[in-house]
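Trainee: All I have is the shape, not the residue letters:
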C-alpha cells in the first residue's frame, strides 16, 4: 500500500500540467499550403461521380432487408422512399422540385411510380425508411483503423453561430467518429452529453486508435477505449493528474516523455474538422424540424458523404 502511494507521489503531475499549458499556448506545427485544382479534371470527375452515385443508390438500397410489416393500410415501398430521399439530399432538392426530377431520373434507380411532394416529405418521418437507410450506412462504410471523434452543432438557420452559442439539444448537435479518410464510422444526434454518447459510439466502430479533444477527458472513456483494443489519444486539460488506472496513466506518460510522437498521432484529429467543414459546406443547413426527420436527413447525408470519400480513395487505388 505504501509502495503504491509512493509511486503516485513520484508521478510528474506538476511538470505535466506545465507541459499542457505550454502546448495550449504555443503553435508547434506548420500550416500546409492548399493543393492546386485542375478544374477540367474536376468537372469530369463530378459527371462520373453522379453516374456512380445513382448506381450506388439503386444497388445499395435494393440489397437491404424490409422491416417487419405492420397491420393496416399498406405504405409506399420504403425502399422507393429511401431512394427518393437520397436523391433529394444528393441534388439539394425540395420535395416539390423532387416530384418533377424523380419522374426523369427515378426509373434509373428503380422508382417507377409517381411520388408527389407530400409523400416525399412524409417519408422523412417513416421509421421503415430510417430502418432501410441505417442498413445502407452500416453496409457501405469501411474503416482504416485510424479513428478520431468530435461534436458539432447542426445549424438550422444561416444566422446560427455554434462557435459562440452551442445548442446541444437533441437533433441540433452531432457527435461522431470518423477515420483518417473522413469516412464516418458512427454518429449520434441524440443530445446526450458528449462523453456519455462516445462511450456508446465506440462500441460500433472498428479501429486501432482513437483521438479526442479535451472535451472528452474521462478516465472511464479512456479505459473503455483500451478495453476495445484501441490506443487512446485524448488531449489533457490544464488541471489534470496522471494518477489512475494503467490505461489513463500510460496515455499521458507517453505524451510527457515523447511529446512529438504523441502529438503527431493526436493531430490527425484535424480530419474531424475537415469532415464537418465539408459536410456543412456541401449539404447546407438541416431543414427538417422533427427529431425523426432530422435523423433521417442526417443519415442520408452521411451515407452520401461516405460514398464520395470512398469513391475518391478507390479512384486513387486504380
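Mentor: Sure thing, it's come through. What you see is a predicted model; the values in this text were computed from it and never measured. Numbers count the residues shown, from 1 in each chain.
Trainee: Model confidence score at residue 7, please.
Mentor: Note on residue 7: pLDDT of 49.
Trainee: Number the residues from 45 up from this point.
Mentor: All right, first residue 45 from here; so that's residue 51.
Trainee: what ranges do the strands span in this structure?
Mentor: 190-197, 217-223, 228-232, 253-256, 275-278 (DSSP state E).
Trainee: Which of the ones you listed sits closest to residue 55?
Mentor: Closest approach to residue 55 among these (C-beta to C-beta): strand 275-278, 17.4 Å. For every residue, glycine as well, the C-beta is placed using N, CA and C.
Trainee: How far away from the center of its chain is that closest one?
Mentor: 18 Å (C-alpha atoms, centre = their mean, to the nearest Å).
Trainee: Parallel or antiparallel, which strands does it pair with?
Mentor: Partners of strand 275-278 in the sheet, by DSSP bridges, are strand 253-256 (parallel).
Trainee: For the strand it pairs with, report the contacting residues that lie outside it.
Mentor: 189-194, 221, 242, 246, 265, 269, 274-279, 309-310, 312-313 (C-beta atoms under 8 Å, 6 or more residues apart in numbering).
Trainee: hmm, which of these are the buried ones?
Mentor: Buried by 16 or more other C-beta atoms under 10 Å: 190-194, 221, 242, 246, 265, 269, 274-279, 309-310, 312-313, out of the contacts of strand 253-256.
Trainee: Please report how far residue 134 lies from residue 219.
Mentor: From residue 134 across to residue 219, the span is 24 Å (C-beta to C-beta, to the nearest Å).
Trainee: relative to strand 217-223, how tilted is the helix ranked longest in the chain?
Mentor: The longest helix of the chain (DSSP state H) is helix 335-361. If you take axes from the mean of the first three to the mean of the last three C-alpha atoms, to 10 degrees, helix 335-361 sits at 20 degrees to strand 217-223.
Trainee: Give the buried residues for helix 335-361.
Mentor: Going by neighbour count (16+ other C-beta under 10 Å), the buried part of helix 335-361 is 335, 337-354.
Trainee: so what's residue 55 up against?
Mentor: Neighbours of residue 55 in contact, by C-beta under 8 Å, 6+ apart: 285-287, 293, 297.
Trainee: Generate TSV for these, with pLDDT and neighbour count as supplementary columns.
Mentor: Below are the contacts of residue 55 laid out as TSV (pLDDT from 0 to 100; neighbours: other C-beta atoms under 10 Å):
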residue	pLDDT	neighbour count
285	89	15
286	90	20
287	89	14
293	93	18
297	94	16
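Trainee: In helices only, show me these.
Mentor: 293, 297.
Trainee: Pick the one among the contacts of residue 55 closest to residue 90.
Mentor: So of the contacts of residue 55, ranked by how close each gets to residue 90 (C-beta to C-beta), first place is residue 297, at 48.4 Å.
Trainee: so who does the closest one touch?
Mentor: Taking C-beta under 8 Å, 6+ apart as the criterion, residue 297 is in contact with 55, 286.
Trainee: So it versus residue 55, what's the distance?
Mentor: Distance from residue 297 to residue 55, by C-beta to C-beta: 8 Å.
Trainee: Then residue 186?
Mentor: To residue 55, residue 186 is 40 Å away according to C-beta to C-beta.
Trainee: Show me the helices in the stretch 95-244 of the chain, by range?
Mentor: Residue ranges of the helices in the stretch 95-244 of the chain, as given by DSSP state H, counting those that start in this stretch, are 122-135, 139-153, 161-167, 171-184, 238-245.
Trainee: out of those, nearest to residue 59?
Mentor: Of all the helices of the stretch 95-244 of the chain, it is helix 238-245 that lies closest to residue 59, at 26.5 Å by C-beta to C-beta.
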